[in-house]
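Asks: Sequence plus the predicted model coming up.
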Amino acid sequence: MSRSCRKKTAERLALELGDKVDEFVEGPAAGGGAPLATGAEAALKALERLGYGAAEADRALREALAGDGAGDTETLVRRALQILTTR
């Protein structure tokens, strides 16, 4: 798959994900006491479920966080996808 094709596919996925990022995140543990995943943890899980390896997703997510260090899950996933598709 060519780089431009991967980029277009990633951009399409990011657009389609929109509000659906939460569907990729597992809910709290059975005890009800476990907190929900942070934005970064949720973004990492979403990237892994999109088929990226844990190390690759983690590297891209750390790079995305290095920018301004903030952002909700959707923003982090979008930034990481941009990083992953420009390599």
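Replies: Alright, I've got the coordinates.
Asks: Can you tell me how far residue 41 is from residue 84?
Replies: Distance check for residue 41 against residue 84: by C-beta to C-beta, to the nearest Å, it reads 18 Å. Yep, even glycine has a C-beta here, placed from its N, CA and C like the rest.
Asks: between the two, which one's more packed in?
Replies: Neighbour count, other C-beta atoms under 10 Å: between residue 41 and residue 84, residue 84 has more, with 21 against 15.
Asks: Give me the nearest residue to residue 61, chain neighbours excluded.
Replies: Leaving aside its chain neighbours, residue 61 sits nearest to residue 80 (4.9 Å; criterion: C-beta to C-beta, 6 or more residues apart in numbering).
Asks: For residue 57, I want the exact helix or strand it lies within.
Replies: Secondary-structure assignment from DSSP states H and E places residue 57 in helix 54-68.
Asks: other SSEs contacting that helix?
Replies: Applying 3 or more C-beta pairs under 8 Å, 6 or more residues apart in numbering; DSSP states H and E, one finds that helix 54-68 makes contact with helix 39-49, helix 73-85.
Asks: Report all helices and strands that the last one contacts.
Replies: Pointing back at helix 73-85 there. Taking 3+ C-beta pairs under 8 Å, 6+ apart as the contact cut, helix 73-85 packs with helix 3-17, helix 21-24, helix 39-49, helix 54-68.
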